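A.B. asks: Take this sequence and fold it.
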Amino acid sequence: GGGGGGMAAEGDVELELETEPNGSGGGSDGAGGRAAEKPRKHDSGAADLERVTDYAEEKEIQSSNLETAMSVIGDRRSREQKAKQEREKELAKVTIKKEDLELIMTEMEISRAAAERSLREHMGNVVEALITLTN
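C.D. replies: Numbers count the residues shown, from 1 in each chain. Next comes the predicted model:
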């Protein structure tokens, strides 16, 4: 039985011998590689730092642009809302005939709201409303 153990040990040694040349080869390669990498690591560190500061500056610029954009959009939205409300008021003043409304609804197969809207937009002119709807 002891001989069997010895054989196993021999096997281990053989394995070590086989792997060692590769290992040392890899080791020297690794060392060479590492030496070459060292200055590069330095540069990349500096580059990273620059990138970070650039990024931070860009972010600041972007956020201030965003704020400006948002307020511009906000202003435009409220102006549009106001214009829309004015338009709705104007449209609400337009007198439309129930018959015209029903005609548009049946002709175009659209909802009452849609028919009414198009009729009001054409100042109650059923013909114009229908023409626009058919186009």
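A.B. asks: where does residue 130 land on pLDDT?
C.D. replies: What the model reports for residue 130 is a pLDDT of 93.
A.B. asks: cool, the one 4 residues further on as well?
C.D. replies: Among the per-residue scores, residue 134 shows a pLDDT of 89.
A.B. asks: same check, this time on residue 5
C.D. replies: Residue 5 carries a pLDDT score of 52 in this model.
A.B. asks: what do you get for residue 101?
C.D. replies: Model confidence at residue 101, given as pLDDT, is 95.
A.B. asks: before we move on, what about the one 10 residues further on?
C.D. replies: Per-residue confidence (pLDDT) for residue 111: 96.
A.B. asks: how about the nearest residue to it, chain neighbours excluded?
C.D. replies: By the measure of CB to CB, 6 or more residues apart in numbering, the closest residue to residue 111 outside its immediate chain neighbours is residue 105, 7.4 Å from it. In this view, the C-beta of every residue, glycine as well, is placed from N, C-alpha and C.
A.B. asks: Could you look up the SS state of the one you found?
C.D. replies: On the three-state scheme (DSSP: H, G, I helix; E, B strand; the rest coil), residue 105 is labelled helix.
A.B. asks: Run a quick check on it versus residue 112, I expect a contact.
C.D. replies: Yes. Using CB atoms under 8 Å as the test, residue 105 is close enough to residue 112 to be in contact (6.0 Å).
A.B. asks: Name the residue in those two with the higher neighbour count.
C.D. replies: Neighbours around residue 105 and residue 112, counted as other CB atoms under 10 Å, are more numerous at residue 105. The numbers are 17 against 11.
A.B. asks: ok, that one - contacts?
C.D. replies: By CB atoms under 8 Å, 6 or more residues apart in numbering, the contact list for residue 105 reads 111-112, 115.
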